[in-house]
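> Give me a model of this one.
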Amino acid sequence: MDGAFGNRAVSGGRRSGRHSLAFVLPFAITALFGILWALASPVFSIPDENAHATKAIAQARGQIVGYTLPDVRHIVVDLPAGYGYSQDVLCYATHPEVDAGCAPEFGGADTQPWFNTWVGAYNPVYYFLIGWPSLLMDGSAAIYGMRIASALLCAAFVGLGYFAATSGSQARWMPVGMAFAAAPMTAYLFGAVNPNGAEVAAAVALWAALLRLLESFDRDDPGPLGLPRAGLWGIVVAAAVLLVNARALGPLWLVVVVAVCLVAVGWRATRRLFTTATSYVWIGAVAVGGLFSLGWTLFGGSLSNQAEASDAPLVNGSFLQGFAYMIRTMPDHLQQALGYFGWFDMPLPVWVYWPIVGAVTVLLVLGLAATGRRSAAVAVGVVAVALLVPALVQGYSVHQTGIIWQGRYGLFLYHGVLIVVAWLLSRDRGAARIGFLAPRMTPLLGAALAGFGLLAFALVLVRYVIGWGSPLGEMLADPGWQPPGGWPLLVAAYAAVSALLVVGVWMHSRTIARGESMARSGADA
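Now for the predicted structure:
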């Protein structure tokens with residue numbers, strides 16, 4: 001019997017991993033979550049979306065960087081007819097009690113035909129990938145079109161990552177580890193015109209595929225792998241190239257991910273990878289993407305300028321001041337990563353976070369308590385990396401930029417923690433004694449994740465439809481703003497996709513566990 005995501009047990013317990021559903025269903029679920037967030041978020045309600053969208057619109061028409069004006073602080077890009085910008089479009093931002101109905105239509109009358117975007121000199125790769133819908137439509141429809149293009153791009157990488165993660169011979173915890181890529185803050189960014197979403201999606205695919213690739217070098221007999229080594233290399237290269245080009249710090253993030261994965265798998269796999277001649281063809285492809293990113297950052301004008309004291313806390317501060325500030329505010333950044341929507345005007349009630357915090361805690365505790373010493377040490381190490389790297393990076397740059405870190409910037413690390421822990425639980429010999437829990441815990445953790453996502457989605461809609469603090473009855477009686485299709489339809493659709501997520505990962509985990517049990521029985525016989 002095939003699992004919901006399509007891997008099947010075959011003779012000897014080897015799962016082929018080649019069934020198209022192993023990619024298609026994770027892709028579809030992730031895409032639907034991203035598209036629903038794209039439709040539920042008012043135009044430019046997502047942080048910095050006005051800057052990213054106007055750059056994408058201009059770049060799609062050949063204006064790669066834009067130009068400067070004497071009395072305008074940021075790079076200016078020209079907007080074609082139908083894309084005029086009004087400063088009133090964010091009338092509700094930072095005012096959670098105000099619904100989104102006050103905003104004028106993007107591209108309407110009495111708007112300016114240019115925008116001074118602070119991302120005008122950013123790496124152009126992401127904007128080429130998602131800016132093309134603006135050539136087919138204009139106004140708000142183009143923003144929704146670019147959001148959907150972003151959601152599809154991100155879903156493709158998550159689908160590839162899921163396919164790779166579950167293609168190994170030991171993968172019973174991987175469905176739930178990968179399911180966190182559907183967490184609401186992550187899906188919210190996938191359905192946004194913002195390279196942060198593409199950065200996270202690329203990192204998710206890279207974490208999953210690189211671990212599986214290195215695992216293949218850790219065995220004397222690597223096959224069958226579910227995915228051939230060339231397929232894993234292809235996912236690694238595509239994900240790495242997108243990651244390094246998504247944002248200026250992408251090359252550093254690539255180094256961090258690769259270093260953690262190499263340590264996690266061990267020296268033998270690392271030595272074999274670097275002593276295999278064909279590896280250098282793939283590594284060379286990654287290097288080309290990385291060199292383009294570094295070249296653009298160094299020579300394309302996207303390096304951060306010296307900030308003014310009013311721009312952010314601790315401008316001109318020392319490394320120690322920046323590092324200490326980041327450590328003190330770590331709980332805030334973790335909350336932001338779990339779900340803090342809009343222009344920092346939509347935190348969720350504390351009780352809403354409990355399901356996701358509980359699900360993450362259970363997975364981490366299992367990873368620390370049920371695995372052997374080395375695996376537990378790796379789990380502790382990756383958690384430390386996820387918590388300390390942002391503080392170190394921000395401490396290094398604080399003198400120039402001030403404190404500009406937001407919790408969403410660390411999502412690529414937080415997802416890495418969950419993927420690595422699920423991978424350790426799946427393959428560690430010490431954890432084999434609790435392997436029977438995987439198909440039992442997966443639906444519980446998946447339900448907690450899905451329940452949190454649905455609550456977050458509904459509450460964010462309340463904030464934009466009637467404003468935070470208004471009587472809920474106004475959602476039906478007197479909505480101040482309505483998303484495309486209406487909020488009831490979107491909430492119902494989100495609930496349906498959430499149910500599909502839970503059932504899918506549960507059935508797939510059962511299928512994997514059954515296949516692994518058959519493999520062990522065959523080996524014992």
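
> mind listing what the nearest residue to residue 449 once chain neighbours are set aside touches?
Leaving out its chain neighbours, the residue that sits closest to residue 449 by CB to CB, 6 or more residues apart in numbering is residue 359, at 5.5 Å. Placement of C-beta: from N, CA and C, glycine included. Residue 359 is in contact with 445, 448-449, 452, counting by CB atoms under 8 Å, 6 or more residues apart in numbering.

> Need the pLDDT of the residue sitting nearest the centre point of the chain.
The centroid of the chain falls nearest to residue 200 when counting by CA atoms, centre = their mean (3.0 Å). Looking at residue 200, its pLDDT stands at 98.

> ok, now residue 21?
74.

> ditto for residue 137
At residue 137, pLDDT is 93.

> isn't it right next to residue 145, touching?
Yes. Applying CB atoms under 8 Å as the test, residue 137 and residue 145 come out as touching, 5.7 Å apart.

> ok, the two, which is more surrounded?
The neighbour comparison of residue 137 against residue 145 (other CB atoms under 10 Å) goes to residue 145, with 21 against 14.

> Please look at that one and residue 133 and confirm they touch.
Yes. With contact defined as CB under 8 Å, residue 145 and residue 133 form a contacting pair (3.1 Å).

> re earlier: to which secondary structure element is the residue nearest to residue 449 assigned?
helix 354-369 (DSSP states H and E).

> So which residues of the stretch 1-150 of the chain form strands?
75-78, 114-117 (DSSP state E, counting those that start in this stretch).

> TSV please, covering the ones you listed and showing mean pLDDT.
Shown next, in TSV, are these (pLDDT from 0 to 100):
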stretch	mean pLDDT
strand 75-78	94
strand 114-117	93
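
> For my notes, please list those in TSV and give distance to residue 50 and mean neighbour count for each entry.
Formatted as TSV, those follow (distance: least, CB to CB, whole Å; neighbours: other CB atoms under 10 Å):
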stretch	distance to residue 50	mean neighbour count
strand 75-78	11	20
strand 114-117	7	22
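
> how about those strands, which one is nearest residue 33?
Residue 33 lies closest to strand 114-117 among the strands of the stretch 1-150 of the chain, at 27.6 Å (CB to CB).

> neighbouring strands for that closest one, and are they parallel or not?
Strand 114-117 has the following strand partners under DSSP bridges: strand 75-78 (antiparallel).

> Which of the residues in stretch 127-139 are classified as buried?
Under the neighbour-count criterion of 16 or more other CB atoms under 10 Å, stretch 127-139 has 127, 129-131, 133-134, 138-139 buried.

> same question, stretch 475-490
475, 479-481, 483, 487, 490.

> Tell me the one among these nearest to residue 420.
Among the buried residues of stretch 475-490, and counting by CB to CB, the member closest to residue 420 is residue 490, at 33.7 Å.

> now the one helix or strand the closest one maps to, how far from the chain's geometric center?
For residue 490, the enclosing helix or strand under DSSP H and E is helix 487-524. Counting by CA atoms, centre = their mean, to the nearest Å, helix 487-524 is centred 21 Å from the centre of its parent chain.

> before we move on, what about stretch 277-288?
25 Å.

> Check what contacts that stretch and list those residues.
So stretch 277-288 is contacted by 233, 236-237, 240-241, 244, 254, 273 (CB under 8 Å, 6+ apart).

> that older thread, could the contacts of residue 359 be laid out in a markdown table, adding neighbour count?
Listed next are the contacts of residue 359 as a markdown table, based on neighbours: other CB atoms under 10 Å:
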| residue | neighbour count |
| --- | --- |
| 445 | 26 |
| 448 | 19 |
| 449 | 25 |
| 452 | 24 |
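
> out of these, which one sits closest to residue 48?
For these, the nearest to residue 48 is residue 452 (24.7 Å; CB to CB).

> Pull the contacting residues for that closest one.
Per CB under 8 Å, 6+ apart, neighbours of residue 452: 183-184, 339, 352-353, 355-356, 359.

> I'd like to know how far residue 187 sits from residue 158.
Distance from residue 187 to residue 158, counting by CB to CB, to the nearest Å: 10 Å.

> shared neighbours of the two, anything?
Common neighbours of residue 187 and residue 158, counting by CB under 8 Å, 6+ apart, are residue 30.

> For the strand or helix carrying residue 239, list every residue counted as buried.
In this structure, residue 239 sits in helix 229-246 according to DSSP H and E. For helix 229-246, burial by neighbour count (16+ other CB under 10 Å) applies to 229, 231-246.

> as a whole number, average confidence for it?
97.

> other SSEs contacting that helix?
Judged by 3 or more CB pairs under 8 Å, 6 or more residues apart in numbering; DSSP states H and E, the packing partners of helix 229-246 are helix 125-131, helix 139-165, helix 195-217, helix 250-265, helix 279-299.

> Quick one: list the elements packing against the fourth one.
Helix 250-265 makes packing contacts with helix 195-217, helix 229-246, helix 279-299, helix 373-401, helix 411-427 when contacts are defined by 3+ CB pairs under 8 Å, 6+ apart.

> could you dump those helices to JSON lines with distance to residue 347?
Converted to JSON lines, the helices and strands packed on helix 250-265 look like this (distance: least, CB to CB, whole Å):
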{"stretch": "helix 195-217", "distance to residue 347": "18"}
{"stretch": "helix 229-246", "distance to residue 347": "26"}
{"stretch": "helix 279-299", "distance to residue 347": "33"}
{"stretch": "helix 373-401", "distance to residue 347": "19"}
{"stretch": "helix 411-427", "distance to residue 347": "17"}
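
> Please list all residues in contact with residue 408.
Neighbours of residue 408 in contact, by CB under 8 Å, 6+ apart: 47, 185, 189, 196, 336-337.

> cool, and residue 458?
491, 494.

> can you pull the pLDDT of it?
pLDDT at residue 458 comes out at 98.

> Please point out which parts of the helix or strand where it lies sit buried.
Using DSSP H and E, residue 458 sits in helix 438-465. For helix 438-465, burial by neighbour count (16+ other CB under 10 Å) applies to 438-439, 441-465.

> what's the answer for stretch 276-290, then?
Of the residues in stretch 276-290, 279, 282, 285-286, 289-290 count as buried by neighbour count, 16+ other CB under 10 Å.

> now, which of those sits nearest residue 84?
When the buried residues of stretch 276-290 are compared against residue 84 (criterion: CB to CB), the nearest one is residue 289, at 35.7 Å.

> didn't the closest one look like it was pressed against residue 241?
Yes. Between residue 289 and residue 241 a contact is recorded at 3.4 Å, counting by CB under 8 Å.

> Buried residues, stretch 290-309. List them.
290, 292-293, 296-297, 300, 302, 307.

> Endpoint to endpoint, it covers what distance?
33 Å (CA to CA, to the nearest Å).

> Then stretch 344-360?
Start-to-end, stretch 344-360 (CA to CA) is 23 Å.

> Kindly report the same for stretch 59-69.
Stretch 59-69 has its terminal residues 18 Å apart, counting by CA to CA.

> what mean pLDDT does it have?
Rounded mean pLDDT across stretch 59-69 is 93.

> Which residues are in contact with the nearest residue to residue 416 once chain neighbours are set aside?
With CB to CB, 6+ apart as the measure, residue 207 is the residue that lies nearest to residue 416, at 4.7 Å, once sequence neighbours are left out. When contacts are counted by CB under 8 Å, 6+ apart, residue 207 is found next to 161, 257, 261, 415-416, 419-420.

> before we move on, back to that, which single one of the contacts of residue 359 is nearest to residue 215?
residue 445 (23.3 Å).

> What separation do you get for the closest one and residue 31?
Taken as CB to CB, the span from residue 445 to residue 31 is 22 Å.

> circling back: how about the residue nearest to the centre of the chain: what's its closest non-neighbour residue?
In space, residue 200 is closest to residue 411, 4.7 Å off (CB to CB, 6+ apart).
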